[in-house]
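In: okay, sequence plus prediction incoming.
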Amino acid sequence: MKNKKNLRYSILLFITLVLGSCNLDIFNTSDTTDTSPTDSDFPTSDTLIIPQYFAEIGSNTHWFVNDVDTGVVASIHVLDNELSAYEDFLERYPSSNFNEEDWIIALFSEAPMDRHEVVVSFNTKGSSPLDDVTLLYGSKLDLPLVDKEDYYLEGWYQLNKKWTFETYLVTSDMNLVANWIYQRTSENTGLPIFNIDLKGKHINQVNREEYIDTSISITNTGKYDELLDLKANFRGRGHGSWEHYDKKGYRIKFDKKQSLFGEAKSKHWVLVANGHDDSMIRHNLAYTITKETLSYIEYQTSVNVVEVYFNNNYHGVYSLFEHIRVDKDRVNIESEFGVNDTGYLIEYDAYISDEHNTRNGIDYFRVNGMQYPFAVKSPDPDDYLDEGISEQQYRSQVSYIKDYMQDVVSSVLSKNFTRFSELADVNSFVDMYLIHELFKNTDTGWSSFYLYKKPGGKVYCGPAWDFDLSSGISRGDSTYTGFYVSDKVLEHSAYTANELFISLMTQEAFVNLFKKRFLELKWQILNSINNYNAVIQYYEEAYDRDANRWTGGNPIYKSEQTNVVNRLINRTEWLASWAK
């Protein structure tokens, strides 16, 4: 069926069920404006004509009578080749009991429908009242923004049925009732509390592009000073983690440098949601092991676990990390504008060339032999004009680090280990490979792979970053045996493979260094894993609150944390056995 501009359609749906007898909501077929459903028992062989509203041009949304509550689970075969309702149906009504052999045969034809107005009212149950919303019949309703102190919103309900804003269409006047769940405070759980005042905004209004003004108070800090009403800029962060998960990560930029939990002062910090990681500890463990044992990685972020509130409303458990940047207490290099042989911080980053307004030769550069570009983090491409140098001068700097990295990559891929050793700090590459292979990190060759060059010196790996797709949830490989980052990733996820480590692990000199280093550090690694396991058990109440907020009270984190810890212990033993 072809869409036509500025027309509205209904669909006459001819349905043949090969499912056996079942209940369906149907409409009066003699009146296409009738919106009062009736229940009907009908046998397998019957065919019904049911008027269906087809949303306005471009939306491709279908309102099916086979509501999930009826128990009808079926695929749809659309005889009109120009309309694919099959995918829409699966997306709207997923079911583990789906049987592709059950068919509903549908024919679609155009028919006019009178789209009258419907009114939605809200019972906010103690939150600020909301105005009624008037919509056209068959429209989607936007999620209302509400807050209530000491509670979080579990959902909106119509007649005791939870309303799904992403898929449900409004077809009659209705009243939605808010369901709030009381959330006790985090006192005496051992976790610090971040309370972030968004200055009248709702957390759903925060985006990745623009900072907003906030006030942050940090309490329940134990031996460290509590920090109250600190002015800070605040925005979203992340790529896939921002786009695919409701629990999102954030970037904090304080007005003044702050020391959080005894760490070095800085304006710049990040709150990581661990949305992809049900254990909520993969990042934390990777960074802890790196910081405690891998001494050739010169800088690694600290790890702190906190509970976050927005506008006094509980939001969940987060990992607090230091933002990666050039600073005397972070990546400690001199990084000057207008000097070619200065310090550079770069990130191997598959996203950078697709981001808005990024420029090849300024914001990033490419080298032969690598799938993706390197993003220039420092000297910061956003600041060169303010620093009084021209675009040509800055491009000259980027050209310098590009040529240097081309030499590094070429030496690795051509297996000229002597030349590689002249250009790069080999020990830092050994340590970085160790942590990525220990965790079987899928995204080692995708993004968040940081390197830096010292002025007049070599290229170093570090810091380690982004381990949520690892250790049991590596793409295509959940085992603790074998080699992934330098081998199996090519089979399961070639587009995230790291060409440098794959080549280095075919070179005897690098392999011998890795074996020696792993055997040297085995017991320190196991000690870090076991120590962190004791820490996470202490935070069980906080993780339970997060589960109440995000997984309906299902404490999936418990089994996931156990699996991660046990897997890392077993993997450490396996790698040590191989290294012998």
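Out: Nice, I can see it. Residues are numbered from 1 along each chain as shown.

In: show me where the chain has helices.
Out: Taking DSSP state H to define them, one finds helices in the chain at 86-92, 240-244, 282-293, 391-413, 417-423, 426-439, 489-492, 499-504, 508-538, 540-550, 556-579.

In: what about the chain, any weak spots by pLDDT?
Out: For the chain, residues meeting the criterion pLDDT under 70 lie at 1-115, 150-152, 160, 181-190.

In: tell me the domain ranges of it?
Out: The record's domain parsing of the chain by automatic domain parsing lists 9-111, 117-182, 194-322, 344-579.

In: on that earlier part again, and of the helices of the chain, who's closest to His315?
Out: helix 540-550 (7.0 Å; C-beta to C-beta). Yep, even glycine has a C-beta here, placed from its N, CA and C like the rest.

In: buried stuff in the closest one?
Out: 542-550 (16 or more other C-beta atoms under 10 Å).

In: ok, of those, which one's closest to Leu145?
Out: Arg549 (17.3 Å).

In: ok, the closest one to Tyr318 distance?
Out: Arg549 sits at a distance of 12 Å from Tyr318 (criterion: C-beta to C-beta, to the nearest Å).

In: the domains of the chain into CSV, with extra columns for distance to Val331?
Out: Output for the domains of the chain, formatted as CSV (distance: least, C-beta to C-beta, whole Å):
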stretch, distance to Val331
domain 9-111, 43
domain 117-182, 38
domain 194-322, 5
domain 344-579, 5
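
In: quick one, strands of the stretch 151-300 of the chain?
Out: Remark: strands assigned in the stretch 151-300 of the chain by DSSP state E, counting those that start in this stretch are 151-158, 161-162, 174-182, 193-197, 212-219, 227-237, 249-258, 266-272.

In: need those in CSV with distance to Ser128 and mean neighbour count, can you?
Out: Formatted as CSV, the strands of the stretch 151-300 of the chain follow (distance: least, C-beta to C-beta, whole Å; neighbours: other C-beta atoms under 10 Å):
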stretch, distance to Ser128, mean neighbour count
strand 151-158, 12, 17
strand 161-162, 22, 10
strand 174-182, 11, 16
strand 193-197, 16, 21
strand 212-219, 20, 17
strand 227-237, 22, 16
strand 249-258, 24, 17
strand 266-272, 26, 19
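
In: nearest to Val306, of those?
Out: Closest among the strands of the stretch 151-300 of the chain, using C-beta to C-beta: strand 193-197, at 5.1 Å.

In: count of residues packed around the closest residue to Leu385 other than its chain neighbours?
Out: Leaving aside its sequence neighbours, Leu385 sits nearest to Glu391 (C-beta to C-beta, 6 or more residues apart in numbering; 7.7 Å). Neighbour count of Glu391, defined by other C-beta atoms under 10 Å: 13.

In: Tyr384 is in contact with Glu391, correct?
Out: Yes. The pair Glu391 / Tyr384 is scored as a contact, 7.4 Å apart, by C-beta atoms under 8 Å.

In: which residue is nearest the centroid of the protein?
Out: Ser241 (1.1 Å; C-alpha atoms, centre = their mean).

In: isn't that one up against His276?
Out: Yes. Between Ser241 and His276 there is a contact under C-beta under 8 Å: 6.4 Å.

In: how many neighbours does His283 have?
Out: The burial count for His283: 22, using other C-beta under 10 Å.

In: Arg567 too?
Out: Under the criterion other C-beta under 10 Å, the count of neighbours that Arg567 has is 19.

In: can you pull the contacts of Val485?
Out: Val485 sits next to 433, 436-437, 440-441, 444, 498, 501-502 when contact means C-beta atoms under 8 Å, 6 or more residues apart in numbering.

In: highest neighbour count among the residues you listed?
Out: Most surrounded of the contacts of Val485: other C-beta under 10 Å gives Thr444, at 32 neighbours.

In: which residues does it contact?
Out: For Thr444, the contact set (C-beta under 8 Å, 6+ apart) comprises 436, 485, 489, 496-498, 501.

In: format the helices of the chain as JSON lines; extra columns: distance to Tyr450.
Out: Formatted as JSON lines, the helices of the chain follow (distance: least, C-beta to C-beta, whole Å):
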{"stretch": "helix 86-92", "distance to Tyr450": "37"}
{"stretch": "helix 240-244", "distance to Tyr450": "17"}
{"stretch": "helix 282-293", "distance to Tyr450": "12"}
{"stretch": "helix 391-413", "distance to Tyr450": "13"}
{"stretch": "helix 417-423", "distance to Tyr450": "17"}
{"stretch": "helix 426-439", "distance to Tyr450": "9"}
{"stretch": "helix 489-492", "distance to Tyr450": "19"}
{"stretch": "helix 499-504", "distance to Tyr450": "13"}
{"stretch": "helix 508-538", "distance to Tyr450": "20"}
{"stretch": "helix 540-550", "distance to Tyr450": "28"}
{"stretch": "helix 556-579", "distance to Tyr450": "22"}
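
In: between those, which gets nearest to Asn357?
Out: Among these, the nearest to Asn357 by C-beta to C-beta is helix 391-413 (14.0 Å).

In: buried sites along that closest one?
Out: 394-395, 397-398, 400-402, 404-413.

In: quick one on the thing from earlier: of the strands of the stretch 151-300 of the chain, which is nearest Lys458?
Out: Closest approach to Lys458 among these (C-beta to C-beta): strand 266-272, 26.0 Å.

In: name every strand pairing with that closest one and say which way it goes.
Out: Here strand 266-272 is paired, per DSSP bridges, with strand 249-258 (antiparallel), strand 313-322 (antiparallel).

In: ok so, going back, rebuild the strands of the stretch 151-300 of the chain as CSV, extending it with distance to Tyr452.
Out: CSV is the format used below for these (distance: least, C-beta to C-beta, whole Å):
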stretch, distance to Tyr452
strand 151-158, 41
strand 161-162, 49
strand 174-182, 46
strand 193-197, 29
strand 212-219, 29
strand 227-237, 21
strand 249-258, 21
strand 266-272, 17
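
In: closest to Ala375 out of these?
Out: Once the strands of the stretch 151-300 of the chain are compared by C-beta to C-beta, strand 227-237 is nearest, at 14.5 Å.
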